[in-house]
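S.K.: Structural data only, the sequence is not supplied:
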């Protein structure tokens, strides 16, 4: 299913938080609701979730997303414009929302996000244009 932009801000896409920043309890989006998944050994440094209705062939699951900034409760659904792409060597990229320029409180989330992945995963933070190009490439694969 292609990524759907919704009403509101142009370029905004819908996501759902599965794992709240600062917590270890992780949920997973299945169909149209959250279900318990597992307790992680360390708390998430950022809000983590997915873009419902999308598909990432790298892990055969919905596209992963992260929201920088203040903790958001699991189950929060929000519309936002992608601000970056966390590029990983294995192709399991994450769409990033929030300030990625390193300034302000969200800048701390950027550093924590990059540090969350071991060096062998090759985490790099790319810009919004790369996020949109990657999302568009996934839609072409589905066609």
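M.R.: Here it is on my side, so go on. Just so it is clear, the structure is predicted and the values come from calculations on it, not from any experiment.

S.K.: Name the next helix or strand downstream of the longest strand seen in the chain, please.
M.R.: Counting by DSSP state E, the longest strand found in the chain is strand 47-56. Remark: after strand 47-56, the chain's next helix or strand is strand 61-67, criterion DSSP states H and E.

S.K.: which element follows that following strand toward the C-terminus?
M.R.: Later in the chain than strand 61-67, the nearest helix or strand by DSSP H and E is strand 77-80.

S.K.: sorry, back to before: report all helices and strands that the longest strand of the chain contacts.
M.R.: For strand 47-56, the helices and strands in contact under the criterion 3 or more CB pairs under 8 Å, 6 or more residues apart in numbering; DSSP states H and E are strand 13-19, strand 25-30, strand 61-67, helix 128-142. Quick note: C-beta positions are derived from backbone N, CA and C, even for glycine.

S.K.: Identify the residues contacting that strand?
M.R.: 1, 3-4, 13-21, 26, 29, 32, 61-69, 71-72, 76, 91-95, 135, 138, 142 (CB atoms under 8 Å, 6 or more residues apart in numbering).

S.K.: Next: stretch 17-37.
M.R.: Stretch 17-37 is contacted by residues 16, 38-50, 52, 62, 67, 70-78, 109 when judged by CB under 8 Å, 6+ apart.

S.K.: quick one on the thing from earlier: which among the helices and strands packed on strand 47-56 is found nearest to residue 121?
M.R.: Of all the helices and strands packed on strand 47-56, it is strand 61-67 that lies closest to residue 121, at 12.8 Å by CB to CB.

S.K.: Neighbouring strands of that closest one in the sheet, and parallel or not?
M.R.: Strand 61-67 sits in its sheet next to strand 47-56 (antiparallel), strand 94-97 (parallel), going by DSSP bridges.
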